[in-house]
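Trainee: With the sequence up front, the predicted model follows.
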Amino acid sequence: MYHRFFLLIILTTLATLIGFAQNLKAKEFKVVFYNVENLYDTVDDPHTNDNEYLPTSKVGWTTERMYHKIHNIGKVLFSIDSINLPAVIGLAEVENKPVLEELVIQTRLRYGHYKAILEEGSDPRGIDVGLLFRTEILQYISHKAIPSSKSFRSRFILYVKLKDAKKDTFHIFVNHWKSREGGAKETEIKRIENAEILKQSVDSLFRENPRVNIIIMGDFNDEPGNTSIAVTLGAKKPERKPTAGSLYDLLWDPFANGEGTLFYKDWDVFDQFIVSGNLLLKKRGKGRPVILTPYAFIFKKDWMLYKNNNGAMIPNRTSSSKIYFGGYSDHLPVYTIISY
């Protein structure tokens, strides 16, 4: 019995590894963004307010609970495509690079051979954005952290340049804009400031080459139609004939259809992909990267959800109001597919 059990494990592992090897030559790969909701370690950082996520806090953030969280997040990301793991994963609400690396080491994401990138910003709670990418599919060029504001402390925008096997370069910006705590209208000016700073970098790339491949992802704490996204950044609803030198929001259609990536009184679409027109212009089979669908996908499975008091199935989060629940995240991941 035990011999059969171990043989099954070996065969399953070999099948998974063979599947990954075969898919390195696949003609598409996935790009994911996921706000993982407070992925902290258990060590007190004297420079930030991480007190809610310490062993002595009301949440009781122990090593056991931290690893339970890590395995939950790993399960979600692995489940998006267990045969060919996402090539790029952008993450929000990660405390530091060591805990991000634990996510890769301690879960089935280890089969993807990811490289982790994270630069710590000035957020008062010490949460940052990070990026994982598969080194077998994409090659690292450079990265830098861009301060996302001048008037208040905030997360950095993480700007990463990667290239594929055909030497096409991707300019990736991972964002987590100012929250709505204190009121959506009252804090809107700060998200507009976040958008203005991101736009400076985007405009610089467009001036150099209108056909640049730009992928902007993040938790913007605003929806596709809000001023920061639609006006300041200038991200449009995808058009039948997109143009180079323009930005398009791939969450417009899910937003219009009443879908959401998090639930507060109702569904909201704060987690988005915004891409340059060049990625929507080309046809598959030309050997260059293209996004075939003018919308991104929201990954939502029943096991990630729970039924609230009103009977709605909403994201099963880790904690709320200093109460530990042990779920996944209060956000759902979104993803898009790059084809060739």
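Mentor: Noted; the coordinates are in hand.

Trainee: residues near the residue lying closest to E120 once chain neighbours are set aside, how many?
Mentor: The shortest distance from E120 to any non-neighbouring residue, by C-beta to C-beta, 6 or more residues apart in numbering, is to D128 (5.4 Å). Using the backbone N, CA and C atoms, a C-beta is placed for each residue, glycine as well. Each residue near D128 was counted by other C-beta atoms under 10 Å, and the total is 26.

Trainee: how about the helices of the stretch 101-250 of the chain, start to end?
Mentor: Assigned by DSSP state H, counting those that start in this stretch, the stretch 101-250 of the chain shows helices spanning 184-208, 227.

Trainee: Of all those, which one comes closest to D249?
Mentor: The minimum distance between D249 and these falls on helix 184-208, with 12.3 Å, by C-beta to C-beta.

Trainee: What is the closest one packed up against?
Mentor: In terms of contacts (3 or more C-beta pairs under 8 Å, 6 or more residues apart in numbering; DSSP states H and E), helix 184-208 is packed against strand 139-147, strand 156-163, strand 169-176, strand 213-219.

Trainee: Tell me how many other residues crowd the residue nearest to P147 when sequence neighbours are not counted.
Mentor: The spatial neighbour of P147 that comes closest, neighbours along the chain excluded (C-beta to C-beta, 6+ apart), is F156 at 6.2 Å. F156 has 22 neighbouring residues, counting by other C-beta under 10 Å.

Trainee: and F156, what pLDDT?
Mentor: F156 is assigned 97 on the pLDDT scale.

Trainee: follow-up on the earlier one: how about the residue nearest to E120: which residues does it bridge to?
Mentor: Using DSSP bridges, the bridge partners assigned to D128 are V94.

Trainee: so what's it up against?
Mentor: Neighbour list for D128: V94, E95, N96, L118, E119, E120, G121, R155, F156, L158, H176 [criterion: C-beta atoms under 8 Å, 6 or more residues apart in numbering].

Trainee: ok, back up a step: for the helices and strands packed on helix 184-208, give me JSON lines that also has distance to K30.
Mentor: Putting the helices and strands packed on helix 184-208 into JSON lines (distance: least, C-beta to C-beta, whole Å) gives the following:
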{"stretch": "strand 139-147", "distance to K30": "18"}
{"stretch": "strand 156-163", "distance to K30": "14"}
{"stretch": "strand 169-176", "distance to K30": "13"}
{"stretch": "strand 213-219", "distance to K30": "12"}
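
Trainee: quick one: contacts for the residue nearest to P147?
Mentor: E119, E120, G121, S122, D128, V129, A145, I146, P147, S148.

Trainee: for those, which one is nearest G311?
Mentor: The closest of the contacts of F156, once distances to G311 are taken by C-beta to C-beta, is V129, at 33.8 Å.

Trainee: Quick check: the gap between that closest one and Y324.
Mentor: V129 sits 24 Å away from Y324, going by C-beta to C-beta, to the nearest Å.

Trainee: Which one of those two is surrounded by more residues?
Mentor: Each of V129 and Y324 has its neighbours counted (other C-beta under 10 Å); V129 has more, 29 against 16.

Trainee: The more buried one reaches G90, doesn't it?
Mentor: Yes. Look at V129 against G90 with C-beta atoms under 8 Å: they come within range, at 6.8 Å.

Trainee: what sits in contact with each of these two?
Mentor: The contact lists of V129 and G90 share L158, V174, G218, where a contact means C-beta under 8 Å, 6+ apart.

Trainee: I am finished for the moment; much appreciated.
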